[in-house]
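Peer 1: Kindly return the folded structure for what I paste below:
(one chain, ligands or ions: 1)
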Amino acid sequence: MTPAHPTSGKPNRITNLFGTDVPVVLGPFGGVSSVELTAAVSDGGGLGSYGLYGYGADAIRNTAAELKRATSKPFALNLWFPTGDETTSLPQPDFDHYVATLKPYFDELGLPLPQMPDRYLPDYEEQVEATLEAGPAVVSFVFGVPAPELVEEAHRRGIVVVGTATTVAEAIALEAGGVDAVVASGMESGGHRVSFLKPAEESLIGTFALVPQVVDAVSIPVIAAGGIADRRGYAAALALGADAVQVGTAFLATRESAAVPAYRAVLHSPAARETVLTRALSGRLARGIPNRIIADLAEANLAGAVIAPFPAQNWLTGRFRAEAAAQGNTELMSLWAGQATALIRHDSAADVLTELLAGRPVL
Ligand SMILES: Cc1cc2nc3c(=O)[nH]c(=O)nc-3n(C[C@H](O)[C@H](O)[C@H](O)COP(=O)(O)O)c2cc1C
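Peer 2: So this is what the prediction gives:
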């Protein structure tokens with residue numbers, strides 16, 4: 001049965017599932033989420049999400065406690081499934097080779113070269129345990145299908161489970177895995193392509209084509225993500241059959257976001273008209289605004305293997321990208337952003353919510 005198309009303020013399958021007032025989800029931002037923005041979207045009636053990529057158990061517990069102090073409304077915590085390569089598996093000579101490639105950027109920013117770490121990412125089991133113990137209303141995942149025991153344990157604790165698909169096949173796999181709702185993430189989205197059945201390069205489907213096909217293929221609620229930045233995108237997503245929208249970049253550009261002022265200034269500038277998909281910064285495909293570091297590494301890669309596999313490359317470039325962000329150097333940091341960035345007109349989470357909800361589905 002096709003669900004009734006929701007309009008803002010009217011309950012639908014997603015607002016009933018999440019316990020929110022409106023069918024708008026703040027996309028999680030691994031490394032750039034802020035308590036303030038997550039709470040602002042939840043307090044505004046949507047579902048604020050917080051990205052826990054790279055967070056150990058203590059950081060997860062502290063963040064969840066901060067979120068609970070900041071809002072009494074439902075929020076989501078977001079995790080990446082493990083890669084199987086969290087611990088250091090690169091041989092030292094390979095590590096040294098990758099560091100040598102990146103040396104000019106460490107030098108330029110006045111940083112010492114990094115030593116090989118024990119691990120690139122925290123232990124996944126500890127992350128999951130801390131996340132479920134924190135008891136968010138919703139837990140959302142990328143890069144895979146949750147194990148049955150994980151879904152069962154979340155449900156036992158009353159936590160809603162959301163998966164993320166970039167293809168129809170991934171959405172079907174997630175529904176079969178027992179998730180309660182699926183984010184259909186079109187290739188317009190900012191940040192990483194979270195494909196898990198096929199390589200990301202073979203899973204590049206636009207939101208306009210992906211959403212209605214996912215709606216037809218699964219019976220769980222569908223959250224449209226990618227390229228939705230204003231009332232027109234909101235209305236279009238609902239007209240395509242989505243039960244809700246997940247918006248990333250438009251919220252990332254607000255003053256409540258953890259993006260540094262220089263990053264937000266780029267999001268609000270004409271430079272945001274162009275985005276690229278690149279593996280250069282993390283080893284995995286991600287969409288962002290082109291800058292010198294992406295161009296340099298892409299060019300160098302053509303001349304030889306200089307991009308380490310994920311998560312090593314993300315860790316390595318992360319050492320200097322954090323410093324570049326602190327210095328406001330937009331040429332050497334990551335500027336993850338989606339294809340609709342240039343549509344952004346608002347500077348506060350409340351204004352973005354108002355803008356989105358002004359869109360009425362036409363069907
Ligand atoms: C800086 C940045 C970081 C992101 N990190 C994550 C993440 O850790 N987990 C996740 O599920 N999605 C992540 N995303 C995707 C967003 O949550 C959201 O789905 C996406 O931005 C929607 O597309 P839009 O940018 O066109 O609105 C990230 C997006 C950006 C821009």
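Peer 1: For stretch 55-67, what is the distance to the chain centroid?
Peer 2: 18 Å (CA atoms, centre = their mean, to the nearest Å).
Peer 1: Show residues contacting it.
Peer 2: When contacts are defined by CB atoms under 8 Å, 6 or more residues apart in numbering, stretch 55-67 is touched by residues 35, 38-39, 48, 50, 52, 75, 77, 122-123, 126-127, 129-131, 133-136. The way it works is simple: take the backbone N, C-alpha and C, and place the C-beta from them, glycine included.
Peer 1: Which of those residues fall in helices?
Peer 2: Counted as lying in helices by DSSP state H, out of the contacts of stretch 55-67, are V35, T38, A39, E126, Q127, E129, A130, T131, E133, A134.
Peer 1: which residues does the fifth one contact?
Peer 2: When you say that, I think you mean Q127. The contact partners of Q127, by CB under 8 Å, 6+ apart, come to L52, Y55, G56, A57, I60, L79.
Peer 1: Most neighbours among the residues you listed, which one?
Peer 2: Tallying neighbours with other CB atoms under 10 Å puts L52 at the head of the contacts of Q127, with 26 neighbours.
Peer 1: Can you name the residues that contact that one?
Peer 2: P28, G30, S33, A59, I60, T63, L77, N78, L79, Q127, T131.
Peer 1: mind redoing it with 6 Å?
Peer 2: By CB atoms under 6 Å, 6 or more residues apart in numbering, the contact list for L52 reads I60, L77, L79.
Peer 1: show me which of those residues neighbour the ligand.
Peer 2: For the ligand, no contacts are drawn from the contacts of L52 by CB under 6 Å from any ligand atom.
Peer 1: quick one: the helices in the stretch 51-200 of the chain?
Peer 2: 57-70, 92-108, 124-134, 148-156, 168-176 (DSSP state H, counting those that start in this stretch).
Peer 1: Turn the ones you listed into a markdown table, columns for mean pLDDT.
Peer 2: A markdown table is the format used below for these (pLDDT from 0 to 100):
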| stretch | mean pLDDT |
| --- | --- |
| helix 57-70 | 98 |
| helix 92-108 | 96 |
| helix 124-134 | 98 |
| helix 148-156 | 98 |
| helix 168-176 | 98 |
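Peer 1: and of those helices, who's closest to A258?
Peer 2: Closest approach to A258 among the helices of the stretch 51-200 of the chain (CB to CB): helix 57-70, 11.7 Å.
Peer 1: Which positions within that closest one qualify as buried?
Peer 2: For helix 57-70, the neighbour count (16 or more other CB atoms under 10 Å) marks A57, I60, T63, A64, E66, L67, A70 as buried.
Peer 1: With stretch 321-329 instead?
Peer 2: For stretch 321-329, by 16+ other CB under 10 Å, it's R321, E323, A324, A325, N329.
Peer 1: which parts of the protein sit against the ligand?
Peer 2: 27-30, 32, 51, 53, 78, 142, 164, 185, 188-191, 225-228, 246-249, 252, 336-338, 340.
Peer 1: Not counting its neighbours along the chain, what's nearest E126?
Peer 2: Among residues not flanking E126 along the chain, A57 sits closest, at 4.5 Å (CB to CB, 6 or more residues apart in numbering).
Peer 1: My error: substitute E202 in the last question.
Peer 2: That would be S195: by CB to CB, 6+ apart, it lies 7.9 Å from E202.
Peer 1: Now do the contacts for the residue in the stretch 151-300 of the chain positioned nearest to the ligand.
Peer 2: Closest to the ligand within the stretch 151-300 of the chain is G248: 1.9 Å, counting by CB to the nearest ligand atom. Residues counted as contacts of G248 (CB under 6 Å, 6+ apart) are G27, G190.
Peer 1: per-residue confidence at it?
Peer 2: In this prediction, G248 carries a pLDDT score of 98.
Peer 1: Tell me the bridge partners for the closest residue to V162 other than its chain neighbours.
Peer 2: Distances taken as CB to CB, 6+ apart put S140 closest to V162, at 3.9 Å, once the chain neighbours are dropped. Bridge pairing for S140 (DSSP bridges) gives the partners N78, V162.
Peer 1: wouldn't S140 be in contact with A76 here?
Peer 2: Yes: with contact defined as CB atoms under 6 Å, S140 reaches A76; the gap is 5.1 Å.
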